[in-house]
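> I need the structure of the sequence given here:
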Amino acid sequence: MRFILFALAFLAAPLAAQDLGAPVPEGGEVVTTGTVASDEAQADGQDEGGLTFTVTDESDWQDLGIAIPGFATDRDQATPANSQGTAALGRELARVITADLRNNGLFKPVGPDSLPQPSFPQITSPNWGSWSGRGAEMLVHGYVRGRSDGRLVVGCYLYDVALQDELLREGWVVPPADWRRAAHKCADLIYSRLTGESPFFDSRIAYIAETGPKDRRVKRLAIMDSDGANHRFLTLGSATALTPRYSPDYKRLLYLSYVDGNPRIYVYDIGTGRQVLVTQSSNPTFAPRWSPDGRYILYSMAVAGNTDIYRVPAGGGRSVRLTDTPGIDVGGSYSPDGSQIVFESDRSGSQQCYVMNADGTGQRRLSFFGGRCATPEWSPRGDQIAFTRIAGDFNIAVMSPAGRNMRVLTKGWQDEAPTWAPNGRIIQFFRTERNSGRSALWQVDLTGRNERRLPTPVDASDPAWGPLLP
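Got it, this is the predicted structure:
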């Protein structure tokens, strides 16, 4: 594929050894709390209330109409999160939640711009007649308050309109810079309650940002929220960056960089902006991946025309070769329990997917369904493997860990490099346009019916979806 061939062929001119931009502020801690509504609670920092769960009938959530009016505030006050105050911020919170729920393809939410604004008392005592008259089956209410320490309290409620019943409530205390995380957490709460699936909105994506002409492409390391907000470049672009991957704890980013003509694998500490050199070589090196416990890194290296997969401690040290067959063995994605690794190899004469034990034993071929199989990645659930299927065009497909039940999910000209959402329901990939070479990030769910482009400020390739934020 394009990014692997680039990694094999690229020989950079001598470059500065340091390619990092300024450290990126990561905000503060998001604290889950009971929902708070009173001035007394705000004054003394106490929380009142708690979590309330009520079982209701399990209707077809794919057709649910969800009303999400603006979040209320008890007192409109200034906040660094929004220049117009907490009332305006409440509407922005509802817009983010609406977009999250709409973009996953399962719901039909109506956002605050088409709905009446509830008062603060109505957050815990909805005007049922008003919402049932609008055809809403589910109602999301919420509030935002400013605290004396500058932080924000955001409350989130989900109601069943037909039963006039509260299904859940939860609250979070967030620094102003992290107000969007409160919105994503509210959307996650609603999504999980209505679908029974794990959440994924409060997560981040790393990718390679591409600019410049086709023959002199600048490739920079970039990160953003799962919806494309809070976009940040991490490297300056003087050295080519490739294949970023979040560590399991979100504190570090693994990536490949060509500096002074040599490929180097770095671990970038997001909090400090510092990076550690894991390994470097004059041999072509590419496709680094974390182990699920964050202790090891897999990578591929070509030596004397033969490419094999190696494992090295995340802090650096001696590498162990895991494959030794003639040909090209590339990549490597661990199963969630760390016991197996799926990878690609041409040892059979064509590019196919294989699986082996974590120590390199028990290697066997998975893909026998025609075409080629590349860039496999194991689902966080452990039940499926996503990969690039090459049969004329490049498309995203999935199969079981036994190599069965293959399904093609996309129909683009060149779709490749799948990466899973934390809940294992949505796959992100990058799509290259025919003839233009322009590339962008796209998402598709496991049905293959819900596909959308994720906005980025420049061309984008090789995405990596991180786990749910802690």
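> Excluding its own residues, what touches stretch 265-273? List them.
Contacts to stretch 265-273, defined as C-beta atoms under 8 Å, 6 or more residues apart in numbering, come from residues 20, 22-24, 26, 221, 223, 234, 247, 250-257, 274-280, 285, 288, 297, 299, 312, 314. For the C-beta atoms, the positions are set from N, CA and C on the backbone; glycine is no exception.
> Report the distance from that stretch to the chain centre.
Stretch 265-273 has its C-alpha centroid displaced from the chain centroid by 18 Å (C-alpha atoms, centre = their mean, to the nearest Å).
> What separation is there between Asn224 and Leu454?
Rather than Asn, residue 224 is Met. Per C-beta to C-beta, to the nearest Å, Met224 is found 9 Å from Leu454.
> Between those two, which is the more surrounded one?
Met224 (22 against 19; other C-beta atoms under 10 Å).
> Just to check, the more buried one is in contact with Asn230?
Yes: counting by C-beta atoms under 8 Å, Asn230 is a contact partner of Met224 at 5.9 Å.
> Tell me where the stretch 1-150 of the chain has helices.
With DSSP state H, counting those that start in this stretch as the criterion, the stretch 1-150 of the chain has helices at 2-9, 39-44, 86-103, 128-132.
> Just the buried residues of the contacts of stretch 265-273.
When neighbours are counted using 16 or more other C-beta atoms under 10 Å, the contacts of stretch 265-273 contain these buried positions: 20, 221, 223, 234, 247, 250-257, 275, 278-280, 285, 288, 297, 299, 312, 314.
> Low-confidence stretches in the stretch 151-300 of the chain?
By pLDDT under 70, the stretch 151-300 of the chain contains no weakly predicted segment.
> can you pull out the helices in it?
With DSSP H, counting those that start in this stretch as the criterion, the stretch 151-300 of the chain has helices at 179-195.
> Dig out what the closest residue in space to Val276 that isn't next to it in sequence forms beta bridges with.
Counting by C-beta to C-beta, 6 or more residues apart in numbering, the nearest residue to Val276 once its immediate chain neighbours are dropped is Val267, at 4.8 Å. Val267 has these beta-bridge partners by DSSP bridges: Leu254, Val276.
> number of nearby residues for the residue nearest to Arg252 when sequence neighbours are not counted?
Leaving aside its chain neighbours, Arg252 sits nearest to Val267 (5.1 Å; criterion: C-beta to C-beta, 6+ apart). The number of residues packed near Val267 is 23, by other C-beta under 10 Å.
> Quickly note the distance from Val267 to Pro313.
Counting by C-beta to C-beta, the gap from Val267 to Pro313 is 11 Å.
> what residues are shared contacts of these two?
Ile297.
> Need the distance between the two termini of stretch 416-426.
In stretch 416-426, first residue to last residue: 14 Å (C-alpha to C-alpha, to the nearest Å).
> What are the buried residues along it?
The neighbour-count check on stretch 416-426 (16+ other C-beta under 10 Å) flags Glu416, Ala417, Pro418, Thr419, Trp420, Ala421, Pro422, Asn423, Gly424, Arg425, Ile426 as buried.
> which other helices and strands contact the helix or strand hosting Asp415?
Assigned by DSSP states H and E, Asp415 belongs to strand 415-420. Where contact means 3 or more C-beta pairs under 8 Å, 6 or more residues apart in numbering; DSSP states H and E, strand 415-420 is packed against helix 2-9, strand 372-378, strand 385-391, strand 393-399, strand 426-432, strand 459-468.
> Just the angle for it relative to strand 393-399, thanks.
If you take axes from the mean of the first three to the mean of the last three C-alpha atoms, to 10 degrees, strand 415-420 sits at 30 degrees to strand 393-399.
> Next, the angle strand 459-468 makes with strand 415-420.
Going by the same axes, to 10 degrees, strand 415-420 makes 20 degrees with strand 459-468.
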